[in-house]
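Peer 1: sequence and predicted model, in that order:
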Amino acid sequence: MDAFLVAIQSVWTDSGYVALNMGNITMIVVGLILLYLAIGKGYEPLLLTPIAFGCVLANFPNNGFHEGVMWAIGQGIQMEIFPPLIFLGVGAMTDFGPLIANPNTLMLGAAAQFGVFVALGGAMLLGFNVQEAASIGIIGGADGPTAIYLATKLAPDLLGAIAVAAYSYMSLVPLIQPPIMRLFTTKEERAIKMGQLREVTRFERIVFPIMATIIISLLLPPIASLIGMLMLGNLFRESGVTDRLSDTSQNALCNIVTIFLALGTGLTMSADKFLRLQTVEIIFLGLVAFAGGTAAGVLFGKVMCKLSGGKINPLIGSAGVSAVPMAARVSQIEGQKANPSNYLLMHAMGPNVAGVIGTAVAAGTMLAMFGG
Amino acid sequence: MDAFLVAIQSVWTDSGYVALNMGNITMIVVGLILLYLAIGKGYEPLLLTPIAFGCVLANFPNNGFHEGVMWAIGQGIQMEIFPPLIFLGVGAMTDFGPLIANPNTLMLGAAAQFGVFVALGGAMLLGFNVQEAASIGIIGGADGPTAIYLATKLAPDLLGAIAVAAYSYMSLVPLIQPPIMRLFTTKEERAIKMGQLREVTRFERIVFPIMATIIISLLLPPIASLIGMLMLGNLFRESGVTDRLSDTSQNALCNIVTIFLALGTGLTMSADKFLRLQTVEIIFLGLVAFAGGTAAGVLFGKVMCKLSGGKINPLIGSAGVSAVPMAARVSQIEGQKANPSNYLLMHAMGPNVAGVIGTAVAAGTMLAMFGG
Amino acid sequence: MDAFLVAIQSVWTDSGYVALNMGNITMIVVGLILLYLAIGKGYEPLLLTPIAFGCVLANFPNNGFHEGVMWAIGQGIQMEIFPPLIFLGVGAMTDFGPLIANPNTLMLGAAAQFGVFVALGGAMLLGFNVQEAASIGIIGGADGPTAIYLATKLAPDLLGAIAVAAYSYMSLVPLIQPPIMRLFTTKEERAIKMGQLREVTRFERIVFPIMATIIISLLLPPIASLIGMLMLGNLFRESGVTDRLSDTSQNALCNIVTIFLALGTGLTMSADKFLRLQTVEIIFLGLVAFAGGTAAGVLFGKVMCKLSGGKINPLIGSAGVSAVPMAARVSQIEGQKANPSNYLLMHAMGPNVAGVIGTAVAAGTMLAMFGG
Amino acid sequence: MDAPNPVLIMVINMTIVFAVLYILGLFIRLIHVIDPTKIKKAEPKKEAIKPVEQVQVPKDDMADKTLAAIIVTSLMAYGCKDFEIKSIRKL
Amino acid sequence: MDAPNPVLIMVINMTIVFAVLYILGLFIRLIHVIDPTKIKKAEPKKEAIKPVEQVQVPKDDMADKTLAAIIVTSLMAYGCKDFEIKSIRKL
Amino acid sequence: MDAPNPVLIMVINMTIVFAVLYILGLFIRLIHVIDPTKIKKAEPKKEAIKPVEQVQVPKDDMADKTLAAIIVTSLMAYGCKDFEIKSIRKL
Ligand code: NA
Ligand code: NA
Ligand code: NA
């Protein structure tokens, strides 16, 4: 009986219950809240569910994740293997047609990056170093893989908070953007109807990803693998002769990597890295970044509206933050509220996909300036 | 002509035919027998086919498997990367509903682990050390990935024999279980009809995997990655918002990892590890474990039948060994033999999935007690 | 304003534009030409598209591919992990039925390897060492994964040129082969109709891959992983009980590995390795190899035609170079040109799949003779 | 564990396995109790739910009886720490 | 960058982002101009294409106006190397 | 292989390639002979099977003739070990 008690006691002593501290408990609760947001509220559930679950798992004491599958997943994060593979799938899912049909919308995708640098400035004022500030700012780009890629390179300790903020705000786009959009536009501007987009040829669709890769990767080598994979995926989609590869890039491979990327991101969320004032600041700055990007996009849209003689509806500017395709849908909805016969979705897809490129360029610029 | 003969002779001298010894030949024959069992007899073919093929390949002399793809697959085994990924798929395929509807069936899943410890005791009496005995005992858990996970950690030399025994007996469940089930039950008991299970809400289905992960991983950290992946897969299934991830976990990812896990397990089956008296003992002990687990499940079912006033059919107890869903089908078939209007399948699924958790818990307990 | 200019200048100075040299530019143009061949001309687009894109990416200066996902993909190439996994898929896609029904066609698959050794001899005369010559010769085998496997082991510097030559000529089979086929055959020979192939039983289909693995891997251990994976894939296909694994081997896994293998092959195409006279020589020798293999196959077909009393159409001999199933289709088309009621496709599939085995055997022989 | 006794190992491990799965069962019941979506459904269909609940009550009762001896005694004997385990139950 | 000024960082980065995306836009227009498949389609349906082209001309015009100040001045100020960038345009 | 002669390499390698594929062909025939499922099918449909067999016999014959010179002589010349190769045939 004595040996029995000793054995039971030793299992208990080595268990996580005994080693559990307030930090672990709090982070497990944070993970549960994120699970609620992901599943109960539908905030980017494909990413937030595994991130949140990873956060819970990471905070079990003695979990032995320094080896085994969780270690391997962590290596894939640290070695920056997963974000470019996600971008391969994103590229295979993205239709750059609306952008090619109306390349002016690229400027809206550029303008919306303003939020990134507002948040960067704010982060520096709050005492973050410039690498951390850049990683925080990129939340405003509303591109998860780019944000994770940049944070892994520049500020790995902030990875969890940045990923959570990025994906949370991306799903809050329908709440964050409309008031800002209405604040900066008149009802007349929002009611503007835009002409039909021209047809884009297969030639243009095929040449675009190749050319974009060359121009951007040569100027900003630090994002060559991100842009390269994005555009390779798009080439698989548009070539018409690599459907097998396009399908796998979008589905099997993308889903597998999503599980690993998101779970691995969650696994970085230890109490000592997450339970800091900085996390609250990051979440606040992320909101500033989103709002700033939305505002800049809409205001630049107003400038383009003026210069085009009223042919451009400024509402499509907010789609420049990317968050594909949600931000474009928000433009569509707000446009229809002002004018029920308005159909802005395809026009908003231009700035929307331009925003993906814009954020990658912004990340590349910051890596070129502040990277090791 | 001389150079010709020298060259041919050198190819022949370096070939596997010259280096082939009796051990290799015997193991290749073992591999062929296992292939026959897998393909000809239909014993768990998804796993036994690549295991058997790996056994054949591993026993070609000079095969160069210390590098290349076979080395890489071996690393995935040694580093315990594959079993938790299989469990991700198992979780996505598992319906815990019947268990949630009738949590008493958890006790049957616990009782059926008795076989694990009978075999453990038997193995220790036969001279195996406690780590080896634990790995042998787990065969009785009828969960391949758990058995491979535990054997890799505690007794890697026995991995091949344990995996082969586990998967072979799992497919023999329809032969092993019925006589034991009939031995310990009366016709009246087997004829008992069980009431309809209550409906389980989405809330319950979502909270269950999260809660189970927390409770079990905290108590038994060594299986945090196994239970975590099992329950993450189940959460993907039940959340209703991550169908893409659930689908990939069950199909593409699970199949890829199955090929690698099973092939890699077969690759460990070298003659010096397999052609020992121990292998025969392991196979014998595996049968003891299965039989013991079945008997314990049925007997505990009888106790529960008594205590519930005859509301529980003891036949569902044998499903507690897991071997999902085969053991549950055996309960169904035996129940219908005794009473043609009997429908036990859904009731037997409760202990059946409880057995998966029970075996993981047993593995975790043994790792906590005997692990490095 | 000064700091502004300094910063812009520093981004520019670190960019690829400044570091770009003529070698890079030329290789990017080579990549673009290959993309045109892949997408515009339809030359093996599934492989040549990612190879060509990899070639473009690899030649961006400072691209940082010594780490991250591109590094990881490169490791998969260097460690010879990808070609056997492609062969797993090839095996799952291959129907060895026509070969089993008429095993004489194996001799045609052997004869067509003649081109491999003609090119090997030519390469040695041009000054390549024997390892390089073997890797160049294998282009004539018309099997991409085998060529990449051999080149990685014997002449990694030539990998890019060899892969490009192999895949380019494979898609040029409909242009290269017909003149040679007509040159060596009379109209009467081409018009020969062949009898119906016998039915092949499931038993034969299942035993064949197992037996072939044993015979070949024992004799030529250096290709045990290639032949093993090819035949395991085929066993998944034919067993009838592992459809899940066969499906994944052919689709998700094969496509993922194809993307990585082809992209990684392209990434090896740096200017210093590719822009050499040797590359032109390799491309020339590749053509010699294809032509030699085609001629040898047809001529051996004529011998078999004579010996069989006119029952064998020599046109099926050219299918022995493999390039499955294109070379078999060329035999079919040429046969029908000579005799509109001729149907050679299934007969040509025998030498066609025999050629895959023949090339692997040739690679194994060369590895046994010239390998480390 | 320097001199492990097979019977002792069995008793210890089976105790833990039963305990863990029993506690899991308690939490499953707890989830059912706190399930907010269940309550909404229950109110309109009170007649249909009642017989199910009648079936379930004896089961819970039976489970407690079954395991009282095995689980509670062994855990109780262990000291003050097991109260922490029970407190988790009230989360 | 030893003493980075947030405003300066913003200006530099936004300049680069705008410049890169503007140049990308120029290349998209160039692709459209050199598109051999477009020309073939345009000839048979001249009437249908014309209004689309009328819509597009002001857009291009507007874009040039918008960005002239931001992009061209900042790039021109940089020295002779930016002519290399522009030369890429004529590829 | 310090001073490799291309022609010698070709002869050696082609010999091995032919030999391996020829042996594989022998085993394919062996599988067909021992195939237990074939016999069952053959008995009821004897008339339908016979002509196929007539077609096949000359092929086998031809294959042996073709390769007798190349394979058998080269293998026979090699010594006693090649009998081991042939013994595999009788497995
Ligand atoms: Na963006
Ligand atoms: Na089990
Ligand atoms: Na070939």
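Peer 2: Perfect, thanks for sending it. Bear in mind that the values here come from a model prediction, so they are computed numbers and not experimental data. Ligands and ions are numbered 1, 2, ... in the order given.

Peer 1: use CA for all of it now, contacts and neighbours both
Peer 2: Will do.

Peer 1: tell me the contacts of the spatially closest residue to residue A:330 that is not a sequence neighbour?
Peer 2: Of all residues not flanking residue A:330 in the chain, residue A:174 sits nearest, at 6.0 Å (C-alpha to C-alpha, 6 or more residues apart in numbering or on different chains). Contacts for residue A:174 were tallied using C-alpha atoms under 8 Å, 6 or more residues apart in numbering or on different chains; they are A:326-327, A:330.

Peer 1: check residue A:145 too.
Peer 2: A:83-84, A:86-87.

Peer 1: run the last query once more with 7 Å
Peer 2: A:83, A:86 (C-alpha atoms under 7 Å, 6 or more residues apart in numbering or on different chains).

Peer 1: next SSE after whatever helix or strand it lives in?
Peer 2: Using DSSP states H and E, residue A:145 sits in helix A:144-154. Elements were assigned by DSSP H and E; along the chain past helix A:144-154, the next helix or strand is helix A:159-184.

Peer 1: now do that next one: distance to the chain's middle.
Peer 2: 10 Å (C-alpha atoms, centre = their mean, to the nearest Å).

Peer 1: so residue A:55 touches residue A:271, yeah?
Peer 2: No. Assessed by C-alpha atoms under 7 Å, residue A:55 is found out of contact with residue A:271, at 9.4 Å.

Peer 1: looking at the two, which is more packed in?
Peer 2: residue A:55 (31 against 20; other C-alpha atoms under 10 Å in any protein chain shown).

Peer 1: which residue sits closest to the more buried one, ignoring its sequence neighbours?
Peer 2: Nearest to residue A:55 is residue A:266, by C-alpha to C-alpha, 6+ apart, at 4.4 Å.

Peer 1: mind checking how far the one you found is from residue E:11?
Peer 2: From residue A:266 across to residue E:11, the span is 34 Å (C-alpha to C-alpha, to the nearest Å).

Peer 1: these two - which one has more neighbours?
Peer 2: residue A:266 (29 against 14).

Peer 1: find the residues that touch each one of residue A:55 and residue A:271.
Peer 2: With C-alpha under 7 Å, 6+ apart as the test, residue A:55 and residue A:271 both reach residue A:27.

Peer 1: can the helix or strand hosting residue A:85 be said to contact chain B?
Peer 2: Using DSSP H and E, residue A:85 maps to helix A:82-93. No. Taking C-alpha under 7 Å from any C-alpha of the partner chain as the criterion, helix A:82-93 and chain B are apart, separated by no less than 13.4 Å.

Peer 1: what does whichever helix or strand comes after that helix contact?
Peer 2: Where DSSP H and E defines the elements, the next helix or strand beyond helix A:82-93 is helix A:97-101. With contacts defined as C-alpha under 7 Å, 6+ apart, helix A:97-101 is touched by A:105, A:197-200, A:205, A:346-347, A:349-350, A:354, E:28.

Peer 1: helices or strands up against the following helix or strand past helix A:97-101?
Peer 2: Sequence-wise, the next helix or strand downstream of helix A:97-101 (DSSP H and E) is helix A:105-111. Using 3 or more C-alpha pairs under 7 Å, 6 or more residues apart in numbering or on different chains; DSSP states H and E, the elements in contact with helix A:105-111 are helix A:277-307, helix A:345-370, helix E:6-34.

Peer 1: can you say which helix or strand has the closest residue to ligand 1 within chain D in it?
Peer 2: Relative to ligand 1, the nearest point of chain D is residue D:37 (38.0 Å; C-alpha to the ion). Here residue D:37 sits within helix D:36-42, counting by DSSP H and E.

Peer 1: could you check the pLDDT of residue 61?
Peer 2: In the absence of a named chain, chain A is used. As predicted, residue A:61 sits at a pLDDT of 93.

Peer 1: looking at chain D here, not the other one
Peer 2: For residue D:61, the predicted pLDDT is 43.

Peer 1: same question, residue D:90
Peer 2: Residue D:90 is given a pLDDT of 26.

Peer 1: tell me where chain A is predicted with low confidence.
Peer 2: The model of chain A has pLDDT under 70 over residues A:1, A:372.

Peer 1: the residue of chain D found nearest chain A - nearest residue in space that isn't next to it in sequence?
Peer 2: Chain D approaches chain A most closely through residue D:12 (6.1 Å), counting by C-alpha to the nearest C-alpha. Excluding the flanking residues, the one nearest residue D:12 by C-alpha to C-alpha, 6+ apart is residue A:4, at 6.1 Å.

Peer 1: and the one residue in chain D that gets nearest to ligand 3, what does it touch?
Peer 2: Of the residues in chain D, the one nearest ligand 3 is residue D:17, at a distance of 57.3 Å by C-alpha to the ion. Contacts of residue D:17 were listed using C-alpha under 7 Å, 6+ apart, and they are B:110, B:358, B:361-362.

Peer 1: most neighbours among those residues, please name it.
Peer 2: Most crowded among these, counting by other C-alpha under 10 Å, is residue B:110 at 34 neighbours.

Peer 1: surely that residue meets residue D:19?
Peer 2: No. Applying C-alpha under 7 Å, one finds residue B:110 not in contact with residue D:19, separated by 8.9 Å.

Peer 1: distance-wise, check residue A:103 relative to residue C:119.
Peer 2: Distance from residue A:103 to residue C:119, by C-alpha to C-alpha: 51 Å.

Peer 1: who has more neighbours, those two?
Peer 2: residue C:119 (32 against 25).

Peer 1: tell me which element the more buried one falls in.
Peer 2: Going by DSSP H and E, residue C:119 is part of helix C:114-125.

Peer 1: so how far is whatever helix or strand comes next after that helix off the chain centroid?
Peer 2: Scanning forward in sequence from helix C:114-125 by DSSP H and E, the next helix or strand is helix C:130-137. Taking the mean of its C-alpha atoms, helix C:130-137 sits 15 Å from the chain's own mean (C-alpha atoms, centre = their mean).
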